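Engineer: Sequence first, predicted coordinates after that:
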Amino acid sequence: MAQTQRPTATPSAPSTRGPSAGPEEQAGGVRAPLPSGIEWVPSGSGAGEIVARTAACALRLELQGAQVLSFVPAGGSELLWLSPDAVRAPGQAVRGGIPLCAPWFADGPDGEHSPSHGPARTTAWTLESATVDQDGTVRLGLTTTADGVDLRLDLTAAQRLHLDLTLGLPPGAEPRRVEAALHTYFAVAGVDCSTVTGLDGATVVDKLTGQVIEQAGDLRPTGAVDRIHRTAGPEGTVGLDDGDRSIGIESQGCADTVVWSPGPEGARSMADTPDDGWHRFLCVESACVGERADGIDHSIHLEPGGSHTLSVTYSASDAGGAAGSAP
Ligand SMILES: O=P(O)(O)OC[C@H]1O[C@@H](O)[C@H](O)[C@@H](O)[C@@H]1O
């Protein structure tokens with residue numbers, strides 16, 4: 001069993017549990033003892049970051065939003081894009097990594113929900129468990145509550161990155177419909193040399209034109225793109241290929257795939273993205289999105305005491321088909 005190490009509390013790290021919080025909870029919602037290979041470091045949000053470096057991978061996760069900021073499998077390259085201009089402050093969404101959107105997507109089915117993409121990504125989460133296996137596999141468990149919905153993230157990181165995002169209602173709550181997305185910013189060699197596979201035949205809500213169309217073949221974005229595809233691919237598999245590497249996105253419990261790039265004009269209007277930064281990422285989001293212009297409702301119906309899990313597994317291999325070397 002790896003030696004455990006408590007996170008180092010700093011004066012700027014707030015407790016999420018009030019004045020009676022124990023020492024484990026002083027560091028921005030860290031309840032779990034931290035094993036060797038995982039540490040807590042301060043971040044601009046005040047909640048701090050979990051940093052893991054093991055034989056299997058390197059990973060950074062911001063506790064505000066339980067947002068993975070970086071994932072590098074052993075022998076591989078960075079999977080994610082994080083804006084060099086990302087704002088790291090309390091209550092601010094971080095541009096890049098894997099923002100968790102819940103319990104609604106964008107401005108919701110009625111177009112009136114705020115904040116955009118729901119409060120989960122700007123809420124403080126609590127690290128409930130953190131372990132490292134003998135082979136360096138990192139396992140984290142985090143929880144929070146956002147707009148009355150209980151959220152849990154279970155993460156397993158080694159050669160592949162696996163995330164389970166669970167939304168649940170406490171007993172006695174009113175049944176309700178919710179939405180969710182893993183809004184992943186994949187690092188790419190260039191948007192215009194990227195191809196998204198596995199979407200052929202999907203009904204598409206094109207948010208830029210307002211049209212509902214059908215996807216024919218693979219998606220090859222050239223600039224701004226903002227589309228909800230009513231499929232997660234055949235048997236839940238979508239692919240992203242940028243010419244240098246292929247990323248596999250296997251999902252379960254995700255009815256939709258959102259593809260988003262702000263394009264050059266969109267990036268110029270975003271204070272937290274460099275003007276030329278848009279070209280270096282493509283968001284491919286595994287999601288459950290409620291009714292939009294196409295009349296299709298893929299929101300999740302939650303009963304009191306019930307839950308739903310969105311699961312994704314990301315794996316990368318270079319253009320020759322080789323995955324990163326095994327840990
Ligand atoms: O700027 P935000 O709130 O992170 O959202 C970014 C984009 O997220 C995408 O998922 C949406 O489809 C876009 O419409 C939106 O612009």
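Structural biologist: Arrived safely, thanks for sending.

Engineer: for residue 277, what are its contacts?
Structural biologist: Going by CB atoms under 8 Å, 6 or more residues apart in numbering, residue 277 touches 83-85, 267. For glycine as for every other residue, the C-beta is placed from the backbone atoms N, C-alpha and C.

Engineer: sec struct for the residue nearest to residue 207 when sequence neighbours are not counted, please.
Structural biologist: On the basis of CB to CB, 6 or more residues apart in numbering, the spatially nearest residue to residue 207 that is not a chain neighbour turns out to be residue 226, at 4.1 Å. In the three-state summary, residue 226 is assigned as strand, counting by DSSP: H, G, I helix; E, B strand; the rest coil.

Engineer: Could you report the separation of the residue lying closest to residue 244 once chain neighbours are set aside from the ligand?
Structural biologist: In this structure, residue 244 finds its nearest non-sequential neighbour in residue 189, 4.8 Å apart by CB to CB, 6+ apart. The spacing between residue 189 and the ligand, counted by CB to the nearest ligand atom, to the nearest Å, is 21 Å.

Engineer: so the residue nearest to residue 207 bridges to which residues?
Structural biologist: Listed beta-bridge partners, residue 226: residue 260 (assigned using DSSP bridges).

Engineer: tally of neighbours for it?
Structural biologist: Around residue 226 there are 18 other residues, counting by other CB atoms under 10 Å.

Engineer: how much space between the residue of the stretch 1-150 of the chain found nearest the ligand and residue 107?
Structural biologist: The minimum distance from the stretch 1-150 of the chain to the ligand, using CB to the nearest ligand atom, falls at residue 116 (3.8 Å). According to CB to CB, to the nearest Å, residue 116 stands 6 Å off from residue 107.

Engineer: Tell me where the stretch 101-250 of the chain has strands.
Structural biologist: Secondary structure of the stretch 101-250 of the chain, counting by DSSP state E, counting those that start in this stretch: strands at 126-132, 138-146, 149-157, 161-168, 176-178, 180-182, 185-187, 195-197, 203-206, 212-214, 225-229, 237-241, 245-252.

Engineer: For the first one, buried residues please.
Structural biologist: In this case it means strand 126-132. By 16 or more other CB atoms under 10 Å, the buried positions in strand 126-132 come out as 126-128, 130-132.

Engineer: out of those, who's nearest residue 276?
Structural biologist: Using CB to CB, residue 127 is the member of the buried residues of strand 126-132 that sits closest to residue 276, with 35.3 Å.

Engineer: Quickly list what the closest one is bridged to.
Structural biologist: residue 30, residue 142.

Engineer: ok, it touching residue 142?
Structural biologist: Yes - taking contact to mean CB atoms under 8 Å, the distance of 5.5 Å between residue 127 and residue 142 places them in contact.

Engineer: Need the overlap of contacts for the two.
Structural biologist: Shared between the contact lists of residue 127 and residue 142 (criterion: CB under 8 Å, 6+ apart) are residues residue 63.

Engineer: Now for residue 233: which residues touch it?
Structural biologist: Under the criterion of CB under 8 Å, 6+ apart, the neighbours of residue 233 are 197-199, 239, 249, 251, 257.

Engineer: What's the PyMOL syntax to select whichever of those are buried?
Structural biologist: The PyMOL selection below is limited to those of the contacts of residue 233 classed as buried (16+ other CB under 10 Å):
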select buried, resi 197+198+199+239+249+251+257
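
Engineer: Around whichever residue of the stretch 151-300 of the chain sits closest to the ligand, count how many other residues there are.
Structural biologist: When scored by CB to the nearest ligand atom, the stretch 151-300 of the chain has residue 260 as its residue closest to the ligand, at 4.1 Å. Other residues within reach of residue 260, judged by other CB under 10 Å, total 22.
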